[in-house]
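K.L.:
have a look at this prediction, sequence included:
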Amino acid sequence: MEGKLAGIKLIEPTVFEDARGYFMESYQAERYAKNGLPKAFVQDNHSLSKEAGVIRGLHYQLHPQAQSKLVRVTAGAIYDVVVDIRTGSPTLGQWEGFELSAENKLQLFVPAGFAHGFCTLVSNTEVQYKVDRLYSKEHDRGILWNDPAIGIVWPTTQPILSEKDARHPVLALAEHNFKY
Ligand SMILES: Cc1cn([C@H]2C[C@H](O)[C@@H](COP(=O)(O)OP(=O)(O)O[C@H]3O[C@H](C)C(=O)[C@H](O)[C@H]3O)O2)c(=O)[nH]c1=O
């Protein structure tokens, strides 16, 4: 399913349930590539947030280390947010949110050119995501979670933030040089 912002994809995997529980292919390179996802991811990430109301983000990496991400929740639930920061994009500065959970098993594909962040909805939420470029501290950038120019409506107005996330700059969108 396509999001309202070009390139964003919400993926519902096939879940095989039986009396024991369930099985699903959480990723399959050939099928996902047919849906326009990168042919190769190079890193798996996994975070645990102990409380509801944790916001991680909004993050992105600059070219040439700009990352596409395939995000899923394996415990708990998040409100996952993407912001279009592609210079020249007709939806530059627009955001969209999705509820991903261990229950709904939905996966979100976030192409390079989007800032990404999430707010946990329950305690002990675990998020696992694939990226197609390696982490690069030098290319890592952030946007303030409540940047008034973007106006994201989060599930909380008083989030638990890392020190880094509490002090991101607000974003003059024109500054970004993502090739649309
Ligand atoms: C992202 C990353 C971080 N780190 C190290 C750097 C720090 O010492 C520590 C925690 O990093 P950070 O506070 O940036 O972690 P999150 O706040 O969960 O960041 C993530 O949150 C949002 C939701 C994202 O979309 C990004 O993928 C990612 O930036 O892990 C690594 O060693 N490798 C990595 O790929």
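P.N.:
Nice, I can see it. Values in this document were obtained by computation on a predicted structure and should not be read as measured data.
K.L.:
name the SS class of the residue lying closest to Phe16 once chain neighbours are set aside, please.
P.N.:
The shortest distance from Phe16 to any non-neighbouring residue, by CB to CB, 6 or more residues apart in numbering, is to Phe23 (4.7 Å). Quick note: C-beta positions are derived from backbone N, CA and C, even for glycine. Look at Phe23: counting by DSSP: H, G, I helix; E, B strand; the rest coil, its state is strand.
K.L.:
does Val131 touch Val71 like I think?
P.N.:
No: using CB atoms under 8 Å, Val131 is not in contact with Val71, being 9.6 Å away.
K.L.:
re earlier: tell me the pLDDT at the residue nearest to Phe16?
P.N.:
Taken from the predicted model, the pLDDT recorded for Phe23 is 98.
K.L.:
please apply the same query to Glu51.
P.N.:
Per the predicted model, pLDDT is 98 at Glu51.
K.L.:
and for it, the neighbour number?
P.N.:
By other CB atoms under 10 Å, 12 other residues sit near Glu51.
K.L.:
spatially nearest residue to it (excluding sequence neighbours)?
P.N.:
Ser123 (5.3 Å).
K.L.:
ok, now which ones touch the one you found?
P.N.:
Taking CB atoms under 8 Å, 6 or more residues apart in numbering, we find Ser123 in contact with 50-52, 76.
K.L.:
tell me the SS of it?
P.N.:
Using three-state DSSP, the structure places Ser123 in coil.
K.L.:
any idea how far it is from Leu161?
P.N.:
16 Å (CB to CB, to the nearest Å).
K.L.:
now the host helix or strand of Glu96, how far from the centre of its chain.
P.N.:
Per DSSP states H and E, Glu96 falls inside strand 95-101. Relative to its chain's centre, strand 95-101 lies at 9 Å (CA atoms, centre = their mean, to the nearest Å).
K.L.:
quick check on Ala29: phi, psi?
P.N.:
phi -50, psi -50 (degrees, to the nearest 10).
K.L.:
relative to Ala6, how far out is it?
P.N.:
23 Å.
K.L.:
can you check Ala102 too?
P.N.:
For Ala102, the distance to Ala6 - CB to CB - is 28 Å.
K.L.:
and for Ser26?
P.N.:
Taking CB to CB, one finds Ser26 at 25 Å from Ala6.
K.L.:
what of Gln61?
P.N.:
Gln61 is 20 Å from Ala6, by CB to CB.
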